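Colleague: Below are the sequence and a predicted model for it; my questions follow.
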Amino acid sequence: MFTLFLITHIATGIICLISGVIAISSRKKKGKHTISGEVYHWSYVFVFITTVIMSIIRWEESAHLFYIGVFSYSLALFGYLSSKKRWKNWLISHISGMLGSYIGIVTATIVVNVPKVPILNELPILLFWLLPTIIGTPLIFRVVNKYTPKMR
C-alpha cells in the first residue's frame, strides 16, 4: 500500500514541479498561466495527501516531511484561494502563496533526493534545506514589486 502512495506522490510531485514552472514562466493572463496554475494546485493536493499518509505510516523517519507538506500546501492553498476570492491585495497573496509553496516543494524534492547524488551528498544537508528559500524569497519580492507597483 505504501508503494502505491509513493508512486502517486512522485508522479503528482513531478506534475506539480513542471506545471509550476509553466505557470511561473507564462504570461499572467487567462490561458496557459491559469490552466497550469490549476494543474499545479490540484497536483499539489495529491502531493499533500500522500505526504500526510506516508508520514503517518513511517512517522519515525519522515515526520519532518509531514510538517513541510502542511506548511507548503497551506501556502499553495492561500495563493490559490486569493486568486479565486480576489480579496483586498489578493495579487500579493497569490504571488507569495504560490511561489512560497513552490519553494516548499523544491526544498522537499532536493532534501529527499540529494543524499542519493554523489558529490552533493558530501555537502551539509542544511545547505539544501536553506538554499531554495535563500534564492526564492528575493525572487518573490521582485515578482510582487513587478506586478503590484500601483498598490504601493
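Modeller: The structure has been received and is ready for your questions. Numbers count the residues shown, from 1 in each chain.
Colleague: residues in contact with the residue nearest the centre of the chain?
Modeller: Centroid check for the chain by C-alpha atoms, centre = their mean gives residue 102 as the closest residue, at 2.8 Å. Neighbouring residues of residue 102 by C-beta atoms under 8 Å, 6 or more residues apart in numbering: 20, 24, 136. The C-beta positions use only the backbone N, C-alpha and C, and glycine is treated the same way.
Colleague: could you redo the last one with a cut-off of 6 Å?
Modeller: With contacts defined as C-beta atoms under 6 Å, 6 or more residues apart in numbering, residue 102 is in contact with residue 20.
Colleague: Okay, it and residue 88: tell me how far apart.
Modeller: 24 Å (C-beta to C-beta, to the nearest Å).
Colleague: before we move on, the earlier item: can you list phi and psi of the residue nearest to the centre of the chain for me?
Modeller: Backbone torsions of residue 102, given as degrees, to the nearest 10, read phi -70, psi -40.
Colleague: ditto for residue 117
Modeller: According to degrees, to the nearest 10, residue 117 has phi -100, psi 120.
Colleague: neighbours around residue 60, how many?
Modeller: 5 (other C-beta atoms under 10 Å).
Colleague: again, but for residue 139
Modeller: Neighbours of residue 139 under the rule other C-beta under 10 Å: 13.
Colleague: Tell me how far it lies from residue 102.
Modeller: 10 Å.
Colleague: mind listing what's buried in stretch 18-31?
Modeller: By neighbour count on 16 or more other C-beta atoms under 10 Å, the buried set for stretch 18-31 is 19, 20, 23, 24, 28.
Colleague: Likewise for stretch 78-87?
Modeller: Buried-residue list, stretch 78-87, by 16+ other C-beta under 10 Å: 78, 79, 80, 81, 82, 83.
Colleague: again with stretch 35-48
Modeller: Of the residues in stretch 35-48, 36, 37, 39, 40, 41, 43, 44, 46, 47, 48 count as buried by neighbour count, 16+ other C-beta under 10 Å.
Colleague: Including pLDDT, secondary structure and distance to residue 128, could the residues you listed go into CSV?
Modeller: CSV is the format used below for these (pLDDT from 0 to 100; DSSP: H, G, I helix; E, B strand; the rest coil; distance: C-beta to C-beta, whole Å):
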residue, pLDDT, secondary structure, distance to residue 128
36, 97, helix, 26
37, 97, helix, 27
39, 98, helix, 26
40, 98, helix, 22
41, 98, helix, 25
43, 98, helix, 23
44, 98, helix, 21
46, 98, helix, 24
47, 97, helix, 19
48, 97, helix, 21
